[in-house]
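S.K.: Sequence and predicted structure, then a few things I'm wondering about:
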Amino acid sequence: MSKEQKLAFGIDIGGSGIKGAPVDVETGEFLGERVRIPTPENSTPEAVCEVVKELLEEFDLPADVPIGVAFPAPLDHGVVLKIANLDPSWEGRNIEKLISEATGRTVYSLNDADAAGFAEVKYGAAKDTDGVVLLATLGTGIGSALIVEGHLVPNTELGHLQLDGFDAESRAADSARTREDLSWEVWAARLQRYFSHVELLLSPDLIVVGGGVSKHHKEFLPLLDLRAKIIPAELRNAAGISGAAAYAADRARHGRKAGKKKAKKD
């Protein structure tokens, strides 16, 4: 693999900040300082694309470097299916086409939880793990990523499984623990119910737990009794950027075109 082929650029779009860095896709390491620009208060597609363009202009990148974008919504071939953390006008728009038109570069996109899961398999806690890997991010909700033999199954949205008459994340996310002031033991019982159900459906070989609460993993992971090994994520804040870059490099390497599906408004 040549030097240029080893390089991709990862962008992590969030509700408060848009972050990016060049990434060595063999190691997952940043090849320059990460740049962060606040997400515009009026976070329309046009405003966010302008910030992404500004961010990319901070770096001297070859024209053919693939750009990967981790985005806080489920995506169907680049088309935003629904949106929670940015302006509602994103729904139905093709993020790959919009950013490509704004920057003149080839862009590949994926859900932010998928990016984190892909990064953990390539570079982090699940590196060199065969079979089925599930990443679950425990935060405001429950994000999920499913990787089978190194291949991402996108948009799993397993936090929205219905359990005992509830959306699973409404009771098992870290936000439920803090909102209800649950002890680690009580919250772990809810996680046990959730992960046991997911294990029944998917039979993962490894479960990786991410989100800010994962730094307290010793308080709750040992309380869980599952067939699969369950471990904390390793990459934390770097996961979105590294995963987006690795995904873009993978798609570019295999000749899969970006932005093929037509959006409602584009």
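M.R.: Ah, there it is.
S.K.: Please point out which parts of whichever helix in the chain runs longest sit buried.
M.R.: Looking across the chain with DSSP state H, the single longest helix is helix 184-202. Buried residues in helix 184-202, counted by 16 or more other Cβ atoms under 10 Å: 184, 187-192, 194-195, 197-199, 202. The way it works is simple: take the backbone N, C-alpha and C, and place the C-beta from them, glycine included.
S.K.: got a list of contacts for stretch 35-50?
M.R.: The set of residues external to stretch 35-50 that reach it, using Cβ atoms under 8 Å, 6 or more residues apart in numbering, is 13-21, 51, 54-55, 58-59, 86-87, 89-90, 93, 95, 98-99, 101-103.
S.K.: do that again at 7 Å, thanks
M.R.: If you take Cβ atoms under 7 Å, 6 or more residues apart in numbering as the criterion, stretch 35-50 is touched by 13-21, 51, 54-55, 58, 86-87, 89-90, 93, 98-99, 102.
S.K.: and it, how far apart are its ends?
M.R.: 15 Å (Cα to Cα, to the nearest Å).
S.K.: I'd like the distance from it to the chain centre, please.
M.R.: Relative to its parent chain, stretch 35-50 has a centroid offset of 18 Å by Cα atoms, centre = their mean, to the nearest Å.
S.K.: quick one: buried residues of it?
M.R.: Going by 16+ other Cβ under 10 Å, stretch 35-50 has these buried residues: 35, 39, 43, 45, 47-49.
S.K.: Next, please give the residue ranges for the helices of the stretch 101-250 of the chain.
M.R.: 112-123, 168-172, 174-179, 184-202, 217-220, 239-253 (DSSP state H, counting those that start in this stretch).
S.K.: Serialize these to TSV and add fields for distance to residue 229.
M.R.: Formatted as TSV, these follow (distance: least, Cβ to Cβ, whole Å):
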stretch	distance to residue 229
helix 112-123	13
helix 168-172	19
helix 174-179	21
helix 184-202	11
helix 217-220	13
helix 239-253	19
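S.K.: so which of those helices gets nearest residue 210?
M.R.: helix 112-123 (5.7 Å; Cβ to Cβ).
S.K.: Measure how the closest one sits relative to helix 239-253, angle-wise.
M.R.: Computed by axes from the mean of the first three to the mean of the last three Cα atoms, to 10 degrees, the angle separating helix 112-123 from helix 239-253 equals 80 degrees.
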